[in-house]
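# Return a 3D structure for these sequence lines:
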Amino acid sequence: MFRLLNLSQQRQAPSTPSSTPSSSSSSSSSGIPEAPPIDVPPIAPPIDGPPLPEGEGKGEGKGEGRGDLTSLFAALYNDDKFSDVLFVVGSDKKEIPAHRILLAAHSSIFAQLLYPEDSKEVKLSNGRLLIELPEMKASPFLAMLKWIYQAAALPPEDVDSVSLYANKYEISGLKAKVAEVLSKSINLENSYTYLAKCNDDSKEMIERILSIVAYDAVKFMNREGWGNLSRTIVKAFISRDDLSAKEIDIWSRLVKWGEAEKKREGKDRPLSEILADLYVHVRFTLLTPAELSKQVMPVNVVPGDQMVKLFTMVASKGKVTYDLPFQSTPRVPSNPPEEDFSALGTRGALLASIRRGKLLRVVRP
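The predicted structure is shown next:
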């Protein structure tokens, strides 16, 4: 340690001729030969990169002169630079460059597609992986990539297609963003149009739509498209706790859906089989004895032993209970969908309150 410190001092302040003899005498007296001076290479000058936007690279946790990753990734969107995959999209064969590691980090489906285990089936284009997607459209595909690279806003005209692609590639963040965008434009009138574009994997989207129409549940179930909904959507809807509808109305509309499903199948299957996994979501214990006898029992969906217990429970007004697969807690209707009346000032506040079932007292100045 002493020797290293001594060498350091020598480099910092070169010894004068008068100090040299004393140093030599000290080394000779100790019997240790003096080590030759160490040549330390000069520190390399900093590498000058491209100038960063004002304010970048100065924040906490960022090195001087370094940009954040978000900006670096954003600059690579639809850029050939460093790209290692080329998508050929649509019937017009639009070429779209991308970067495999970034897409794979967002989607396990992309990871399997872009890093295949069998390299024999891989197609290359100028050293890049070549992926052909003739069934897709270039514009929404680019919108999806732009969201991945830049978290960019989704173009309204491409939202529907982006929703399909987000589900196809299982990009959870994008699915949530699509649902958020669409929820601002969905209402009772167009709800069936959006539901028709959903599949069984579109859980976030389905939940958004059903939460909007739950307030008008009876009107929603009475619309023409009710019988064409998938089993998944019907089950998700009738099992909700916030439906604004009587249980007998929910039951009657469920029977209507079952009849439409039976017609679609083209088979002589009894409703008890078609509705086997759905009827349990109707809260039969909240019905009256007359409703049970006139509208439930004749359909022959609820098994006989359950019907007997239901009649006993309803007639006893809760004094007798059985372990049945039906909920007995009343549903709590949801609030009306929020509407933006802020641009109308005081009149808008009044309209919003009326829409929510409240009436504000307006005091004139």
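# low pLDDT regions in this protein?
Across the chain, the ranges flagged by pLDDT under 70 are 1-67, 336-365.
# mind checking the longest helix of it?
Longest helix in the chain, counting residues (DSSP state H): helix 247-265.
# Quick check: what element follows that helix along the chain?
Next along the chain after helix 247-265, taking DSSP states H and E as the criterion, comes helix 271-274.
# packing partners for that following helix?
In terms of contacts (3 or more Cβ pairs under 8 Å, 6 or more residues apart in numbering; DSSP states H and E), helix 271-274 is packed against helix 247-265. (Each C-beta comes from the backbone N, C-alpha and C, glycine too.)
# re the thing from before, would you mark the buried spots in the longest helix of the chain?
Neighbour-count burial for helix 247-265 flags 247-248, 250-255, 257-258, 261-262 (criterion: 16 or more other Cβ atoms under 10 Å).
# So residue 279 sits against residue 299, correct?
No: at 9.1 Å, residue 279 and residue 299 do not qualify as touching, with contact defined as Cβ atoms under 8 Å.
# Those two: which has the busier surroundings?
residue 279 (24 against 18; other Cβ atoms under 10 Å).
# what residues are up against the nearest residue to that one once chain neighbours are set aside?
Leaving aside its chain neighbours, residue 279 sits nearest to residue 301 (5.1 Å; criterion: Cβ to Cβ, 6 or more residues apart in numbering). Applying Cβ atoms under 8 Å, 6 or more residues apart in numbering, we find residue 301 in contact with 255, 258, 271-272, 275, 279.
# can you redo those as TSV with distance to residue 286?
Formatted as TSV, the contacts of residue 301 follow (distance: Cβ to Cβ, whole Å):
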residue	distance to residue 286
255	17
258	20
271	21
272	22
275	18
279	14
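# farthest-separated two in those residues?
255 and 272 (11.3 Å; Cβ to Cβ).
# rewinding a little: which elements pack onto the longest helix of the chain?
Looks like helix 247-265 contacts helix 217-222, helix 231-238, helix 271-274 (3+ Cβ pairs under 8 Å, 6+ apart).
# how about the strands in this structure?
85-89, 94-98, 124-125, 128-133 (DSSP state E).
# Residues in contact with the longest one: which ones?
Think strand 128-133. In contact with strand 128-133 (Cβ under 8 Å, 6+ apart) are residues 83-90, 97, 100, 113-114, 122-124, 141.
# what do you get for the first one?
Residues from elsewhere that reach strand 85-89 (Cβ under 8 Å, 6+ apart): 94-100, 103, 114, 125-126, 128-134, 136-138, 141.
# Please pick the buried ones from the residues you listed.
By 16+ other Cβ under 10 Å, these give 94, 96-100, 103, 114, 128-129, 131, 133, 136-138, 141 as buried.
# quick one, which of the helices and strands packed on helix 247-265 is nearest to residue 108?
Proximity to residue 108 (Cβ to Cβ) singles out helix 231-238 among the helices and strands packed on helix 247-265, at 22.3 Å.
# how far out from the middle of the chain is the closest one?
20 Å (Cα atoms, centre = their mean, to the nearest Å).
# Quick one: list the elements packing against that helix.
Partner elements for helix 231-238 (3+ Cβ pairs under 8 Å, 6+ apart): helix 203-213, helix 247-265.
# and the ones you listed as TSV, adding distance to residue 161?
Formatted as TSV, those follow (distance: least, Cβ to Cβ, whole Å):
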stretch	distance to residue 161
helix 203-213	13
helix 247-265	27
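# Which among these is found nearest to residue 172?
So among the helices and strands packed on helix 231-238, helix 203-213 is nearest, using Cβ to Cβ, at 8.2 Å.
# Return the distance of residue 205 relative to residue 272.
Residue 205 sits 31 Å away from residue 272, going by Cβ to Cβ, to the nearest Å.
# I meant residue 155, not that one.
Distance, residue 155 to residue 272, by Cβ to Cβ: 48 Å.
# Neighbours of residue 222, how many?
By other Cβ under 10 Å, neighbour count at residue 222 equals 12.
# How about it, nearest residue that isn't a chain neighbour?
Spatially, and ignoring its direct neighbours in sequence, residue 222 is nearest to residue 253 (7.3 Å; Cβ to Cβ, 6+ apart).
# What separation do you get for the one you found and residue 332?
From residue 253 to residue 332 the distance is 19 Å (Cβ to Cβ).
# same thing with residue 128?
Distance, residue 128 to residue 332, using Cβ to Cβ: 56 Å.
# What residues sit buried inside stretch 156-171?
Buried residues in stretch 156-171 (16+ other Cβ under 10 Å): 158-159, 161-167, 169, 171.
# CA-only coordinates of it in PDB, if you can.
Provided in PDB are the C-alpha atoms of stretch 156-171 (Å, rounded to 0.1, in the frame of the first residue of the first chain):
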ATOM      1  CA  PRO A 156     -60.600   6.200 -34.900                       C
ATOM      2  CA  GLU A 157     -61.000   4.700 -38.300                       C
ATOM      3  CA  ASP A 158     -58.600   1.800 -37.400                       C
ATOM      4  CA  VAL A 159     -59.700   1.100 -33.800                       C
ATOM      5  CA  ASP A 160     -62.000  -1.900 -34.800                       C
ATOM      6  CA  SER A 161     -59.200  -3.600 -36.700                       C
ATOM      7  CA  VAL A 162     -56.600  -2.800 -34.100                       C
ATOM      8  CA  SER A 163     -58.900  -4.500 -31.500                       C
ATOM      9  CA  LEU A 164     -58.900  -7.700 -33.600                       C
ATOM     10  CA  TYR A 165     -55.100  -7.600 -33.900                       C
ATOM     11  CA  ALA A 166     -54.600  -6.900 -30.200                       C
ATOM     12  CA  ASN A 167     -56.700 -10.000 -29.400                       C
ATOM     13  CA  LYS A 168     -54.900 -12.000 -32.100                       C
ATOM     14  CA  TYR A 169     -51.500 -11.200 -30.600                       C
ATOM     15  CA  GLU A 170     -52.600 -11.100 -27.000                       C
ATOM     16  CA  ILE A 171     -51.200  -7.600 -26.300                       C
END
